[in-house]
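Asks: got a predicted model here, sequence first, then my questions.
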Amino acid sequence: MAAGVVLLASNSPSLQTTPTPLGGATVAGVIPTPLTSGVTSLTLGYGGVKQGQLLIADVMTYSGAAPAIQPPSGWQLIRDDISPTTRQTLYSHVADSNEQPSAWTFSQPVDSQGAILALDNAAASDPIDGSSGIGGSQAINAPALTASDDGDLILVFFATDFGGIAPGPDYPDDMLMIANQKVDTHAYWILGSYQAKRGDLDEVNSPTPQLYNAAASQVAIRRR
């Protein structure tokens, strides 16, 4: 199994980083967009994003049947995980010299929130080494993942329609919290670590007091 070597330190809303193994990708910032209700689009902001950074968009929608989602031009779908009430959809995009806030549009009104992660030193071509995910009424576990490259940055995304979790959410000792957004009825959190070598990565458990309608995923980011 690949070992988790964490070199991240959280300073919400942005993430400070220390030197990484093998020149791995680092999280330069997290830009959250708060929950809005009954909307047909969600605009994610980019404060301080630089040309060439890899941007990861975490788009969460709640309530009703899962709508069709139209991403902005240039954004690539990583994965889409759906539970009965919570949907988490991840996209990637390499920032250009004149990056502007972008809107995701929905085919019907939903409650929605999201975040942009800006990454330095990520591969500009084919940056996603692999991903795994699940949605449902369950314990909040991001499924196991296999990485084909060494020194990937591993990002783990959790979303649920039950907020106010206390004192947690809990998370593994070998990972650090990148973002932890709690709203009265909706919550998400993002974890980070590095894998030491290519191969299998365990599932990531984030225990909470009860089962939820939730979505959880892991994404491996290749270094430049």
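Replies: Thanks, I have it.
Asks: okay, buried residues for stretch 110-128 please.
Replies: 110-123, 127-128 (16 or more other CB atoms under 10 Å). C-beta here means a position set from N, CA and C on the backbone, and glycine is covered the same way.
Asks: now do the end-to-end distance for it.
Replies: For stretch 110-128, the separation between the terminal residues is 28 Å (CA to CA, to the nearest Å).
Asks: tell me who's in contact with residue 161.
Replies: The contact partners of residue 161, by CB atoms under 8 Å, 6 or more residues apart in numbering, come to 62, 63, 85, 86, 185, 186, 212, 213, 214.
Asks: closest one of the buried residues of stretch 110-128 to residue 56?
Replies: Set against residue 56, the nearest of the buried residues of stretch 110-128 by CB to CB is residue 117 (4.2 Å).
Asks: can you tell me the closest non-neighbouring residue to the closest one?
Replies: The spatially closest residue to residue 117, leaving aside those adjacent along the chain, is residue 56, at 4.2 Å (CB to CB, 6 or more residues apart in numbering).
Asks: ok, that neighbour touching residue 116?
Replies: Yes: with contact defined as CB atoms under 8 Å, residue 56 and residue 116 form a contacting pair (7.1 Å).
Asks: inside strands: which ones of the buried residues of stretch 110-128?
Replies: When those are checked against strands using DSSP state E, the ones located there are 110, 111, 112, 113, 114, 115, 116, 117, 118, 119, 120, 128.
Asks: residue 224 is in contact with residue 121, isn't it?
Replies: Yes: in this structure, residue 224 is within contact of residue 121 by CB under 8 Å, at 4.9 Å.
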